[in-house]
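In: Sequence below, structure please.
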Amino acid sequence: MKIIWLGHGSFRIETAGQVLLIDPWLTGNPMLAEDQHDAALAGATHILLTHAHFDHAADVLQLARTLNAPLVGQYDLMGYWGETEGVETIGFNKGGTVDLNGPRLAMVPASHSSSFSTPEGLRPAGSEVGFILMSEGKTVYISGDTGLMADMDWIGDYYKPDIGILSAGGHFTMDMEQTAYAAKRYFDFKTLIPCHYRTFPLLEQSAALLKKALPEVNVIEPEVLQAIDL
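Out: Numbering: from 1, shown residues only. Reported below is the predicted structural model:
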């Protein structure tokens, strides 16, 4: 399994013959240069979406068309886009699990919001979620944008993820201190990858606090397009 950061909350995961794009934000992403877009997208088989905010969803409809890849996400939003945008979708909901031609993906709660812009202003768009990816004998918790929540208790106990990809930039999501608290209280990660940070001055710029708080966990500060082999 290769986990590749595309900046902010976006990832590319190569596993079991599939290439999964997680919240792929290209347009306006200050961490992913335009000449890196092709490498980020090459061979993508599925596009996974945790929620509809622009810094996660701005490009997904166009990518679904150009890559001929299904959009995978929360049922209400996928249903709406499937009907109105003519793209292939795989819609499911919290508690459900789908097979992505080998890798299995479960949907879990997140605590955030989900909306997109219209000429009439912001409109709600389904609900925010996280994912549990099960592939190659590994279990990855992809938190999506979330604050601390009690649901992490059962998520950690039931799925027992050994790898965490957690939002940790603060302001809109957990910060590094809260992410460390969640990791200690609810999970037993072997590897933890922070995300949704460093993008803007408003967000946290370093995971040093997270590393210090979790000495027994392999906390990896990702670099754009540099594969993390797990």
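
In: C-alpha only now, for contacts and for neighbours.
Out: OK.

In: from the middle of its chain, how far away would stretch 87-100 be?
Out: 15 Å (Cα atoms, centre = their mean, to the nearest Å).

In: Repeat that for stretch 219-230.
Out: For stretch 219-230, the separation from the chain centroid amounts to 14 Å (computed by Cα atoms, centre = their mean).

In: Show residues contacting that stretch.
Out: Residues from elsewhere that reach stretch 219-230 (Cα atoms under 8 Å, 6 or more residues apart in numbering): 1-7, 31-32, 40, 191-194, 207, 210-211.

In: Just the buried ones from these?
Out: 1, 3-7, 31-32, 40, 191-194, 207, 210-211 (16 or more other Cα atoms under 10 Å).

In: Now for Met174: which residues touch it?
Out: So Met174 contacts Thr146, Gly147, Leu148, Ser167, Ala168 (Cα under 8 Å, 6+ apart).

In: mind putting those residues in a markdown table, distance to Gly91 included?
Out: Shown next, in a markdown table, are the contacts of Met174 (distance: Cα to Cα, whole Å):
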| residue | distance to Gly91 |
| --- | --- |
| Thr146 | 20 |
| Gly147 | 24 |
| Leu148 | 25 |
| Ser167 | 23 |
| Ala168 | 27 |
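
In: Name the residues of the helix or strand where Val140 lies that come out as buried.
Out: Per DSSP states H and E: Val140 is located in strand 138-142. If you call a residue buried by 16+ other Cα under 10 Å, then strand 138-142 has these buried ones: Thr139, Val140, Tyr141, Ile142.

In: Helices - which of the contacts of stretch 219-230 land there?
Out: Counting by DSSP state H, the contacts of stretch 219-230 place Ala40, Leu210, Lys211 in helices.

In: for the residues you listed, which one is nearest Phe200?
Out: Leu210 (18.8 Å; Cα to Cα).

In: Just confirm the closest one contacts Tyr181, I think it does.
Out: No. With contact defined as Cα atoms under 8 Å, Leu210 does not reach Tyr181; the gap is 9.3 Å.

In: shared neighbours, these two?
Out: Counting by Cα under 8 Å, 6+ apart, Leu210 and Tyr181 have no shared contacts at all.

In: name the element Met174 belongs to?
Out: Here Met174, judged by DSSP H and E, is contained in no helix and no strand.

In: beta partners for Ser135?
Out: Lys138 (DSSP bridges).

In: Contact partners for it?
Out: Residues in contact with Ser135 (Cα under 8 Å, 6+ apart) are Thr15, Ala16, Gly102, Pro103, Arg104.

In: can you do 10 Å?
Out: Met1, Thr15, Ala16, Leu100, Gly102, Pro103, Arg104, Leu105 (Cα atoms under 10 Å, 6 or more residues apart in numbering).

In: Having no further points to raise, I will conclude here.
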